[in-house]
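Trainee: here is my input, please return the structure:
(one chain, ligands or ions: 3)
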Amino acid sequence: MISLNRSCFLSNPGISGTRSPFSHSQKRRSAPLKVVALGTNAARTGERNGSVVMENTAKEAVELKSTVHGGVKDVYGEDTASEDQLVTPWSVSVASGYTLIRDPHHNKGLAFTEKERDAHYLCGLLPPVVISQELQVKKMINAIRQYQVPLQKYIAMMDLQGRNEKLFYKVLIEHVEELLPVVYTPTVGEACQKYGSIFTNPQGLFISLKEKGKILEVLRNWPEKNIQVIVVTDGERILGLGDLGCHGMGIPVGKLSLYSALGGVRPSACLPVTIDVGTNNEKLLEDEFYIGLRQKRATGQEYAELLQEFMTAVKQNYGEKVLVQFEDFANHNAFDLLAKYGATHLVFNDDIQGTASVVLAGLMSSLKLVGGSLADHTFLFLGAGEAGTGIAELIALEISKQTNAPVEETRKKVWLVDSKGLIVSSRLESLQHFKKPWAHEHEPVNTLVDAVNAIKPTVLIGTSGVGRTFTKEVVEAMATNNERPIILALSNPTSQSECTAEEAYTWTQGRAIYCSGSPFPPVEYEGKVYTPGQSNNAYIFPGFGLGLIMSGTIRVHDDMLLAASEALASQVSGEDYDKGLIYPPFTNIRKISAHIAAKVAAKSYELGLATRLPEPKDLFQYAESCMYSPTYRSFR
Ligand SMILES: NC(=O)C1=CN([C@@H]2O[C@H](COP(=O)(O)OP(=O)(O)OC[C@H]3O[C@@H](n4cnc5c(N)ncnc54)[C@H](OP(=O)(O)O)[C@@H]3O)[C@@H](O)[C@H]2O)C=CC1
Ligand SMILES: CC(=O)C(=O)O
Ligand SMILES: [Mg+2]
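Mentor: Ligands and ions are numbered 1, 2, ... in the order given. Have a look, this model is predicted:
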């Protein structure tokens, strides 16, 4: 085998003179290229058997260079490595035979044609029948439906992802409303809680304190080189389930599968990462199946240094334009990381910024049902952390843009309650920095129901992570003060929802405009069926990320979040409004994501933050054309 540097990979993957036994196939444009790591680093990759397959034809590789490639120069790191640095000796061959059907990027299972079976040494390795991908989808969804337990469905989907990636995405895209609750919230929450017990094949990259000093090397163990999006967690605030340590890996894996299914970012360009600095979850530390470091969380300088090394290595390995999405960090780190790396990297905090954008979109569209402008409303939050203050700030910013009032003024339309009661000026000294802008003049109020009665909000938003905190008394107070109370119970998973759909409709006699973070089924109340909406950042981040990537954006700007909100709100149809919905259905999510991507990219060009020039004429069409398709390719 011949070691491969990037320039020859991009210009001529069918390298002549290779000693691979399948070298004849390398001249074929659609042969599945296999990039193999050999030597010392490969030995450390263990369960990959030192061999991985990259999904790139020569044509695609050249296209990558000219389109959305993430600014990578020295893909394998060999050109820039100094003599004392270790490198991974990558080389290229063609996947075939047993390796091909064990390779999730290229495996088609029974859909390999006769011709492909002949050409790629598959004869005898598969039963005689050849079926279409459509039939495979039908078979898979039927199989998933047989499982009664959601976690079994999750395991079956993860197994499919590890076996046949294209089929996984085709099933997910074609049955998105049915399968989102399986691969994402609420089931992913249960999967994280039981991650050690259900763990079989590792997914994503685990970077623990043990890797301190060699994170760059660890990144280079990952088989894919053209990474465009990284979703990273340190597992400290997994949904509303608290510190799940290394078991938080389910979240980056789930979020990135939505990046591909909902936003069309190629799966090979996505990298899930869990930073393991320990856990303070005693139950996990005592759990014999726990997969992470068995120690208390590192904090302070030790934590900061690991994150700094990670962020530096990411930029060095993948370039300036790789998007790093922070996910489910605890708020004592999340705000600081966003502020620090927002100045030097393309970073996005989904819990602060993605959530803000999705909720603002819902509020914009809800005006069609309740009337008035945003400035006419009063907002009360239960929960003043990442999600709560993130949403609050974007609402204030939007009102400020609409009314030309300073944001310090428009913030006064928004009130927040935390675990100690209403945030008011007398508490200012003791408040965390992200709560301080919300400490308005008011006498202390201890309970949510008292806050509802005192503030008389038109919109009540739950971001507390604590279930059933919108009690009957609270919801009834909202219904007394408002003809159509807007009630958003955003906490995930379902068990943490501030109130159920049934409670919201029953306690308001069907008048509530209700959304939850995790989906609830329709509710029948006094002979009428009410369809609850889902207010989840999954509407935003896939399209938002696509917009950043396709425009080569180098920094995230708040105006892009506002653009994404407007784009999402514009996709709500008259039919949706008739049903009392303030979000469009997820069935159209790829179109919605393309609209969001186009508006985000347009804003980025306007702000001078996009580097992909010239700007495409039709950004919506361009977004659609960039999207990953899970349809099988033919191998010659
Ligand atoms: N639907 C969606 O798209 C999203 C949903 N979420 C969900 O939102 C929830 C919160 O996430 P996040 O903001 O990141 O978490 P944080 O930990 O940053 O914030 C939680 C906030 O809730 C407050 N709180 C906790 N318990 C109570 C209580 N009993 N009464 C009043 N306030 C309370 C905390 O108060 P104190 O500060 O005093 O401790 C804190 O202000 C999670 O369940 C998460 O799953 C998050 C992102 C997106
Ligand atoms: C949806 C999400 O990001 C959360 O609950 O944390
Ligand atoms: Mg999150």
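Trainee: so where's this structure shaky on pLDDT?
Mentor: 1-31, 33-83, 85-88, 90-91 (pLDDT under 70).
Trainee: now do the lengthiest strand in it: everything it contacts.
Mentor: Ranked by residue count under DSSP state E, the longest strand found in the chain is strand 270-276. Applying Cβ atoms under 8 Å, 6 or more residues apart in numbering, the external contacts of strand 270-276 come out as 203-209, 222, 224, 227-235, 245-246, 248-249, 252-253, 255-256, 259-260, 292-293, 306-307, 310. The way it works is simple: take the backbone N, C-alpha and C, and place the C-beta from them, glycine included.
Trainee: next: stretch 326-342.
Mentor: For stretch 326-342, contacts defined as Cβ under 8 Å, 6+ apart pick out 231-239, 243, 248, 251-252, 255, 303, 307, 311, 324, 347-353, 385-386, 432-434, 555-556.
Trainee: just the buried members of those residues?
Mentor: Using 16 or more other Cβ atoms under 10 Å as the burial test, those include 231-239, 243, 248, 251-252, 255, 303, 307, 311, 324, 347-353, 385-386, 434, 555-556 as buried.
Trainee: overlap between the residues you listed and the residues near ligand 3?
Mentor: With Cβ under 5 Å from the ion as the criterion, the buried ones among the contacts of stretch 326-342 include Asp351 near ligand 3.
Trainee: now the closest residue to Glu327 other than its chain neighbours: phi and psi?
Mentor: Nearest residue to Glu327, sequence neighbours excluded (Cβ to Cβ, 6 or more residues apart in numbering): Thr233, at 4.8 Å. Main-chain dihedrals, Thr233, degrees, to the nearest 10: phi -130, psi 160.
Trainee: wait, doesn't Thr233 sit right on Gly248?
Mentor: Yes. Counting by Cβ atoms under 8 Å, Gly248 is a contact partner of Thr233 at 4.7 Å.
Trainee: picking up where we left off before, just the contacts of strand 270-276: which are in strands?
Mentor: Among the contacts of strand 270-276, DSSP E puts Leu205, Phe206, Ile207, Ser208, Val229, Ile230, Val231, Val232, Thr233 in strands.
Trainee: which of those residues sit farthest apart?
Mentor: Ser208 and Val229 (21.8 Å; Cβ to Cβ).
Trainee: between these two, which one's more packed in?
Mentor: Between Ser208 and Val229, counting by other Cβ atoms under 10 Å, Val229 is the more crowded of the two (29 against 18).
Trainee: what residues are up against that one?
Mentor: So Val229 contacts Leu256, Tyr259, Val265, Ala269, Cys270, Leu271, Val322, Leu323, Gln325, Gly545, Ile549 (Cβ under 8 Å, 6+ apart).
Trainee: and the residue in the chain that ligand 2 sits nearest to, how many neighbours?
Mentor: Distances between the chain and ligand 2 by Cβ to the nearest ligand atom are smallest at Asn492, namely 3.7 Å. Using other Cβ under 10 Å, Asn492 has 23 neighbouring residues.
Trainee: swap in Glu177?
Mentor: Glu177, neighbours per other Cβ under 10 Å, totals 12.
Trainee: surely it and Pro585 touch.
Mentor: Yes. Contact criterion Cβ under 8 Å: Glu177 and Pro585 qualify, at 6.9 Å.
Trainee: list phi and psi for Leu460.
Mentor: Torsion angles, degrees, to the nearest 10, at Leu460: phi -120, psi 130.
Trainee: cool, and Val424?
Mentor: Backbone torsions for Val424, taken as degrees, to the nearest 10, come to phi -130, psi 170.
Trainee: what about the spatially most central residue of the chain, distance to Pro104?
Mentor: Centroid check for the chain by Cα atoms, centre = their mean gives Lys255 as the closest residue, at 3.0 Å. Distance of Lys255 to Pro104, computed by Cβ to Cβ, to the nearest Å: 19 Å.
Trainee: correct me, but His175 touches Ile141?
Mentor: Yes. Counting by Cβ under 8 Å, Ile141 is a contact partner of His175 at 5.5 Å.
Trainee: Cys515 - that's part of a strand, no?
Mentor: Yes. Per DSSP: H, G, I helix; E, B strand; the rest coil, Cys515 lies within a strand segment.
Trainee: please name the bridge partners of it.
Mentor: Leu488, Gly533 (DSSP bridges).
Trainee: can you give me the helices for the stretch 151-300 of the chain?
Mentor: Along the stretch 151-300 of the chain, the segments classed as helices by DSSP state H, counting those that start in this stretch run 165-174, 176-183, 187-193, 195-198, 215-221, 250-261, 282-286, 300-318.
Trainee: looking at those helices, which is buried most?
Mentor: helix 250-261 (a mean of 27; mean count of other Cβ atoms under 10 Å).
Trainee: okay, the angle between it and strand 229-233?
Mentor: Put simply, helix 250-261 runs at 160 degrees to strand 229-233, going by axes from the mean of the first three to the mean of the last three Cα atoms, to 10 degrees.
Trainee: who are the packing partners of helix 250-261?
Mentor: helix 165-174, helix 176-183, helix 187-193, strand 229-233, strand 270-276, helix 541-550 (3 or more Cβ pairs under 8 Å, 6 or more residues apart in numbering; DSSP states H and E).
Trainee: just give me how far it sits from the chain centre.
Mentor: Distance of helix 250-261 from its chain centroid, counting by Cα atoms, centre = their mean, to the nearest Å, is 5 Å.
Trainee: that one near ligand 2 at all?
Mentor: No. If you take Cβ under 6 Å from any ligand atom as the test, helix 250-261 misses ligand 2, and the best it gets is 7.5 Å.
Trainee: mind starting the numbering at 4 from now?
Mentor: All set: I'll call the first residue 4, so the last point we hit is now helix 253-264.
Trainee: report the angle between that helix and helix 179-186.
Mentor: Using the same axes, to 10 degrees: helix 253-264 against helix 179-186 is 160 degrees.
Trainee: just the CA trace of helix 253-264, in PDB.
Mentor: Coordinates of the C-alpha atoms in helix 253-264 are reproduced here as PDB (Å, rounded to 0.1, in the frame of the first residue of the first chain):
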ATOM      1  CA  GLY A 253     -25.500   9.600  23.200                       C
ATOM      2  CA  ILE A 254     -26.200  13.400  22.800                       C
ATOM      3  CA  PRO A 255     -23.500  14.400  20.300                       C
ATOM      4  CA  VAL A 256     -24.200  11.200  18.400                       C
ATOM      5  CA  GLY A 257     -27.900  11.900  18.300                       C
ATOM      6  CA  LYS A 258     -27.500  15.600  17.400                       C
ATOM      7  CA  LEU A 259     -25.100  14.800  14.600                       C
ATOM      8  CA  SER A 260     -27.400  12.200  13.100                       C
ATOM      9  CA  LEU A 261     -30.000  15.000  13.000                       C
ATOM     10  CA  TYR A 262     -27.400  17.200  11.300                       C
ATOM     11  CA  SER A 263     -27.300  14.700   8.500                       C
ATOM     12  CA  ALA A 264     -30.900  13.600   8.400                       C
END
